[in-house]
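> Here is a sequence with its predicted model. Questions after.
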Amino acid sequence: MSTKKTIAIIGASGNMGSAISKSLSKGNYRLLLCSDGQGKVEAVIADIKNSNPAADVESAECSAQASWEADIIISAVPYAAEKEVAAKIKEVANQKIVISIANPLNETYNGLVTAADTSAAEELQRLLPNSKVIKAFNTTFAADFATPVIDGKQVDAFIAGDDEEALQTVSEVVSVAGFSPIVAGDLSVSRTLENMQLLLIQLGMKYNYNWLAGWKILHN
Ligand SMILES: NC(=O)c1ccc[n+]([C@@H]2O[C@H](COP(=O)([O-])OP(=O)(O)OC[C@H]3O[C@@H](n4cnc5c(N)ncnc54)[C@H](OP(=O)(O)O)[C@@H]3O)[C@@H](O)[C@H]2O)c1
């Protein structure tokens, strides 16, 4: 049996942070939850414990404390907050996996705020040069985590990064969360993954889909 890893979830009170926390609480992980507002993650922890009393989940005082204790850090904050979060965790995130889930959407959801030759994940890697930034969970909607299934098949979750071992570790995390992990390429592929989600959001608005499960690659 593999050693239990500790995962820090920064932004755990949000839509994605709470959905990721709930899904990963079923796995062999110790979860440390933190957010910007004091006490906001307590409701998420109570919800998790209510359905799974054995879950190894607790709140952490702040993102630096959580990241210091963690093997894997998930940045579940808006893109605009990542600079501030990166500054707080930089010293304690050395050599650790940091998962970037951000979609750097503009205010009207008709474009990205990042330049065409970069991505939110690459910007986070620049801010955390000694960490192993991996893109994951940006193509999955928060609402999908409860039932990540399309037509009876597990929803795909694309992953991108430069470190093979880290990609493998994050594939396991994605799998425990209930999705089918697909390693799409190196970290620069995050540009495509972030644009994929922009497209999906735009199509959802254009055709007024009331529920969108996400992506599924069909193959023989
Ligand atoms: N929603 C989706 O379906 C979806 C899908 C894929 C990817 N994403 C990405 O996931 C990320 C989170 O989205 P969301 O919808 O979950 O947003 P959200 O519901 O607004 O949650 C944001 C979380 O970030 C925390 N936060 C904000 N500023 C912070 C700071 N400076 N330091 C520490 N924590 C901070 C908030 O804490 P407080 O509540 O305490 O302020 C909250 O826990 C975004 O980057 C988004 O692009 C979202």
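Happy to help now that I have it. Residues are numbered from 1 along each chain as shown.
> Just to check, Phe141 is in contact with Leu212?
Yes. Phe141 lies in contact with Leu212 (C-beta atoms under 8 Å); the separation is 6.3 Å. C-beta here means a position set from N, CA and C on the backbone, and glycine is covered the same way.
> Tell me which of those two has more neighbours.
Neighbours were counted for Phe141 and for Leu212 using other C-beta atoms under 10 Å; Phe141 has more, 20 against 15.
> how near is the more buried one to Val92?
To Val92, Phe141 is 30 Å away according to C-beta to C-beta, to the nearest Å.
> next one: Gly17
Per C-beta to C-beta, Gly17 is found 19 Å from Val92.
> Give me the mean pLDDT for the biggest helix by length in the chain.
When the chain is parsed with DSSP state H, its longest helix is helix 190-206. The average pLDDT within helix 190-206 is 95.
> doesn't Val174 fall inside a helix?
Yes. Per DSSP: H, G, I helix; E, B strand; the rest coil, Val174 lies within a helix segment.
> Show the pLDDT at it.
The model's pLDDT for Val174 equals 98.
> Next: Met1.
Confidence for Met1, expressed as pLDDT, is 63.
> Gln38 too?
pLDDT, Gln38: 71.
> Also the one 5 residues further on?
Looking at Ala43, its pLDDT stands at 95.
> Cys34 pairs with what?
Under DSSP bridges, the beta-bridge partners of Cys34 are Ile10.
> Could you list every helix and strand in contact with the longest helix of the chain?
Packing partners of helix 190-206 (3 or more C-beta pairs under 8 Å, 6 or more residues apart in numbering; DSSP states H and E): helix 120-127, strand 132-135, strand 156-161.
> And the ones you listed: which comes nearest the ligand?
The ligand lies closest, by C-beta to the nearest ligand atom, to one member of those: helix 120-127, at 7.2 Å.
> mind listing what the closest residue to the ligand within the chain touches?
Across the chain, the shortest distance to the ligand (C-beta to the nearest ligand atom) belongs to Gly14, at 2.0 Å. By C-beta atoms under 8 Å, 6 or more residues apart in numbering, the contact set of Gly14 is Ser35, Ala76, Val77.
> Just confirm the second one contacts Gly11, I think it does.
Yes. The criterion here is C-beta under 8 Å, and Ala76 meets it with Gly11 at 3.6 Å.
> Next, show the common contact partners of those two.
Common neighbours of Ala76 and Gly11 (C-beta under 8 Å, 6+ apart) are Gly17.
> contacts for the longest helix of the chain?
100, 102-105, 109-112, 114, 116-122, 135, 138-139, 158, 160, 184, 209, 212, 214-215.
> Off-centre distance for the helix or strand of the chain at the bottom of the mean pLDDT ranking?
Lowest on mean pLDDT, DSSP states H and E among the helices and strands of the chain sits strand 149-150, with a mean of 90. In terms of C-alpha atoms, centre = their mean, to the nearest Å, the centre of strand 149-150 is set 19 Å apart from its chain centre.
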